[in-house]
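Novice: 3D model of this:
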Amino acid sequence: MKQFMLIPRFYFFIVIFLGSIQLGWAKAESVFPPTPEEQLAQITQAAQGGNKDAQYMLGLTYAQGVLVPRDFTKAALWYEKSAKQGDPYAQYNLGLLYANGQGVPQDFRKAIEWLYRAADQGDSDAQYGLGMMYQKGKGVNQNYIVAYAFWNTAATTLSGARDLRTELTKLMTYEEITMAQTLSQKMSQPGNLLKALDAYFQSETESKKG
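Specialist: Below you'll find the model as predicted:
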């Protein structure tokens, strides 16, 4: 199965097994920093208790296979628990698993569903990924205007999005670029990303009918 390449997110994993961070749900009872095994046990207990941050971290632990056998199925399970509680990092990583068929059947529509949720919370990696989906027509109808809008929105923090946006303009008309920039401006307003998209697609549908 060919994987659909999005941006993997691993940086939060680095801090999981360092004794330098203190988690609100894991109080130290010793003057010595907890061992990695002890931290994993704390994370697991917190995740089982419903803590969304711990659920995300446990999913990341299984995805990377540190201190536990690598298991994308378990990673997807814990990501989903966290994602349903609104964690944007878990939502993005779950979307990534669906896009690549890791631990779950490959399903671009479900990938997009979770990426949408993360992108709506301002996650630039999810916005980048959605740009890829619309540019390639994976799980959605190919749409350069929407792809550009997502990359333009993500470009404030991701240089890769800026590069892809620039390349995409070579395939677009001036009018399409203008429409994409307008859409991006609306999407960039806090809490307005999905509303702006819905309004765009509704307008596009109506224009085709006319």
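
Novice: The protein: helices as residue ranges?
Specialist: 13-16, 36-48, 52-64, 72-84, 88-100, 108-120, 124-136, 144-154, 159-168, 174-187, 193-209 (DSSP state H).

Novice: Verify the stated contact: D107 with Y98.
Specialist: Yes: contact criterion CB atoms under 8 Å: D107 and Y98 qualify, at 5.0 Å. For the C-beta atoms, the positions are set from N, CA and C on the backbone; glycine is no exception.

Novice: So between the two, which is more surrounded?
Specialist: Higher neighbour count among D107 and Y98: Y98, with 25 against 14, using other CB atoms under 10 Å.

Novice: got a list of what the residue lying closest to G59 once chain neighbours are set aside touches?
Specialist: Of all residues not flanking G59 in the chain, W78 sits nearest, at 3.5 Å (CB to CB, 6 or more residues apart in numbering). Residues in contact with W78 (CB atoms under 8 Å, 6 or more residues apart in numbering) are A47, Q55, Y56, L58, G59, Y62, A90.

Novice: Now mean pLDDT too, for the helices of the chain, in CSV please.
Specialist: CSV is the format used below for these (pLDDT from 0 to 100):
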stretch, mean pLDDT
helix 13-16, 41
helix 36-48, 93
helix 52-64, 95
helix 72-84, 98
helix 88-100, 96
helix 108-120, 96
helix 124-136, 96
helix 144-154, 98
helix 159-168, 97
helix 174-187, 98
helix 193-209, 92
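
Novice: tally of neighbours for G86?
Specialist: 12.

Novice: In contact with it, which residues?
Specialist: By CB under 8 Å, 6+ apart, the neighbours of G86 are K52, R117, Q121.

Novice: From these, pick the one nearest L171.
Specialist: Nearest to L171 among the contacts of G86, counting by CB to CB, is R117 at 28.5 Å.

Novice: quick one: pLDDT of P34?
Specialist: Per-residue pLDDT puts P34 at 82.

Novice: That one - how many residues pack around it?
Specialist: Neighbours around P34, by other CB under 10 Å: 16.

Novice: And for the residue most central in space within the chain, nearest residue in space, chain neighbours not counted?
Specialist: Geometric centre of the chain, nearest residue: Y92, 2.0 Å, by CA atoms, centre = their mean. Spatial nearest neighbour of Y92, chain neighbours left out: A118 (4.3 Å); criterion: CB to CB, 6+ apart.
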